[in-house]
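Novice: This is the structure alone, sequence omitted:
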């Protein structure tokens with residue numbers, strides 16, 4: 001079963017339903033404000049699994065240069081409408097084709113929880129690779145242990161997979177990140193369950209690995225409207 005394709009098709013199918021649900025259920029995220037403040041003004045940030053760009057991409061774009069990445073063309077069309085000043089790229093977050101050491105910041109909210117958890121260690125190593133020294137990342141991860149679950153979400157098939165908070169804290173340390181802050185936040189749409197938000201800084205070399213690191217080909221940084229054809 002190709003779970004990433006199931007997730008992509010799910011977000012294509014739900015379209016603006018997901019956007020409306022996010023709008024009606026947005027919670028304050030002080031940890032996002034702290035991340036924005038830690039990235040140097042004008043710094044380059046990737047918002048991975050950006051969706052329609054509201055509210056996270058929009059918040060990042062106030063003070064930073066932003067590349068918004070998602071593998072759903074439908075979600076990227078919405079992002080073009082709502083945050084036209086950012087660069088857009090259609091990429092899977094597990095295979096981001098950006099150069100090592102190119103980013104001041106990396107943000108991923110509600111994306112990693114849809115990736116099979118056996119790939120999470122490699123994904124975190126790739127985030128480490130992309131960041132400059134002392135670069136920062138804001139990651140939304142699972143708070144409870146969930147090997148795999150399929151179900152319906154906003155009227156479309158969906159998939160979730162993640163470890164618990166303690167496992168992620170240990171994994172981030174092994175990867176070469178220093179944890180600055182972390183908190184468990186209720187789901188912003190239905191309030192059921194919670195998500196672990198972790199603010200980290202790149203802090204040294206990576207430790208022992210649990211598998212290969214993704215090696216997407218490096219691509220140039222994309223200007224608004226220049227990276228993909230999503231008309």
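Specialist: Thanks, I have it. Everything numeric here is computed off the predicted structure, so don't read it as measured data.

Novice: To what extent is residue 16 buried, counted in neighbours?
Specialist: 14 (other Cβ atoms under 10 Å). (C-beta placed from N, C-alpha, C; glycine too.)

Novice: Now name the helix or strand holding the nearest residue to it once chain neighbours are set aside.
Specialist: Nearest residue to residue 16, sequence neighbours excluded (Cβ to Cβ, 6 or more residues apart in numbering): residue 78, at 6.8 Å. Applying DSSP states H and E as the criterion places residue 78 in helix 73-82.

Novice: Identify all contacting residues around that helix.
Specialist: Here helix 73-82 makes contact (Cβ atoms under 8 Å, 6 or more residues apart in numbering) with 11-12, 15-16, 18-19, 50-54, 57-58, 68, 70, 86, 88, 90, 225, 228, 230.

Novice: Now go through the residues you listed and say which are in helices.
Specialist: If you go by DSSP state H, the contacts of helix 73-82 have 11-12, 16, 18-19, 57-58 in helices.

Novice: who wins for neighbours among these?
Specialist: Of the ones in helices among the contacts of helix 73-82, with other Cβ under 10 Å as the count, residue 57 tops at 26 neighbours.

Novice: so who does that one touch?
Specialist: 47, 50, 66, 68, 79, 82-83, 86 are the contacts of residue 57 under Cβ under 8 Å, 6+ apart.

Novice: With residue 72 instead?
Specialist: Here residue 72 is in contact with 8, 11-12, 51 (Cβ under 8 Å, 6+ apart).

Novice: The closest residue to it other than its chain neighbours and residue 92, how far apart?
Specialist: For residue 72, ignoring the flanking residues on the chain, the nearest one in space by Cβ to Cβ, 6+ apart is residue 11 at 4.2 Å. Using Cβ to Cβ, to the nearest Å, one gets 12 Å for the distance from residue 11 to residue 92.

Novice: What count of nearby residues applies to residue 170?
Specialist: Neighbour number of residue 170 under other Cβ under 10 Å is 11.

Novice: most centrally placed residue in the chain?
Specialist: residue 108 (1.8 Å; Cα atoms, centre = their mean).

Novice: Name the residues of the lowest-mean-pLDDT helix or strand in the chain that come out as buried.
Specialist: Lowest on mean pLDDT, DSSP states H and E among the helices and strands of the chain sits helix 16-25, with a mean of 77. By neighbour count with 16 or more other Cβ atoms under 10 Å, helix 16-25 contains the buried residues 18-19, 21-22.

Novice: outside of the helix or strand following it, which residues touch it?
Specialist: Sequence-wise, the next helix or strand downstream of helix 16-25 (DSSP H and E) is helix 30-38. With Cβ under 8 Å, 6+ apart as the test, helix 30-38 has contacts from 56, 59-60, 62-64, 105, 107, 136, 138, 180-181, 183, 197, 199, 201.

Novice: Thank you, goodbye.
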